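K.L.:
Requesting a structural model of the entry that follows:
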Amino acid sequence: MKNKILISAFLFIGMAVGYYYFYNTTGNVKHLDPISFSHYVHTKQHKIKCQVCHRGVETQMRAGIPNIDVCSMCHSSIIDSTSKKEFVIYSYVKDNKTIPWKALYNIPDYVYFSHRRHVKMGKLECSDCHGDMTTQTSPELQNFTPFKMQFCFDCHESRGVSTDCGNCHH
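P.N.:
You can find the predicted model right below:
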């Protein structure tokens, strides 16, 4: 009887951990950032290219999450004084405070991934991996593409790129 209770407890804990992991690594993303950011406003309305804000996309491993140094290029003054969202971003810029963005993509330490390699050498568009972010009007993502190994493997196979484990896993 004692063993059954112990096994049940471990099974329950394992299911809870599994559910948490699955929920946080699939498309069910409720992402609350300090600023209600709209990719649509920036990319469609103001015609800003991804590389303007994600500066490392063509030169580094990480594309980078923009912060006040990037945001201040446009938001160093209030553009729309009636907008609460505009005032929030202006406050961060004015006070020179780092915006505590929440990371969407967390690549494990044992995986080597380089934006530069994929964008410059592989000639991939941002939307090939991230989906069409230009339609995204709020931080709560509708078209989030979770990065699972199979997603990357399928892309490599379809493009004739090596799927040797040592190329990505270290």
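K.L.:
And the pLDDT at the most centrally placed residue in the chain?
P.N.:
Geometric centre of the chain, nearest residue: L104, 3.4 Å, by C-alpha atoms, centre = their mean. Here the pLDDT value assigned to L104 is 75.
K.L.:
and it, how far is that from C71?
P.N.:
Using C-beta to C-beta, to the nearest Å, we find L104 at a distance of 18 Å from C71. Glycine gets a C-beta too; all of them are placed from N, C-alpha and C.
K.L.:
contacting residues for K85?
P.N.:
35-36 (C-beta atoms under 8 Å, 6 or more residues apart in numbering).
K.L.:
And the helices in this structure, which stretches?
P.N.:
Secondary structure of the chain (DSSP state H): helices located at 2-25, 39-40, 50-53, 68-75, 84-94, 115-116, 126-130, 149-159.
K.L.:
Worst mean pLDDT among those helices?
P.N.:
Minimum mean pLDDT among the helices of the chain: helix 2-25, a mean of 54.
K.L.:
can I see the domain layout of this structure?
P.N.:
1-30, 31-65+101-167 (automatic domain parsing).
K.L.:
export those domains to CSV and tack on distance to S83?
P.N.:
Below are those laid out as CSV (distance: least, C-beta to C-beta, whole Å):
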stretch, distance to S83
domain 1-30, 23
domain 31-65+101-167, 10
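K.L.:
ok, and which of those domains has the densest surroundings?
P.N.:
Scoring those by mean neighbour count under mean count of other C-beta atoms under 10 Å gives domain 31-65+101-167 as the most buried, with a mean of 14.
K.L.:
Just give me how far that domain sits from the chain centre.
P.N.:
Per C-alpha atoms, centre = their mean, to the nearest Å, the displacement of domain 31-65+101-167 from the mean C-alpha position of its chain is 6 Å.
K.L.:
mind listing what H118 touches?
P.N.:
124, 129.
K.L.:
Could you tell me how far it is located from V57?
P.N.:
Taking C-beta to C-beta, one finds H118 at 9 Å from V57.
K.L.:
how near is the closest residue to Y40 other than its chain neighbours to G166?
P.N.:
The shortest distance from Y40 to any non-neighbouring residue, by C-beta to C-beta, 6 or more residues apart in numbering, is to T137 (4.6 Å). Distance of T137 to G166, computed by C-beta to C-beta: 41 Å.
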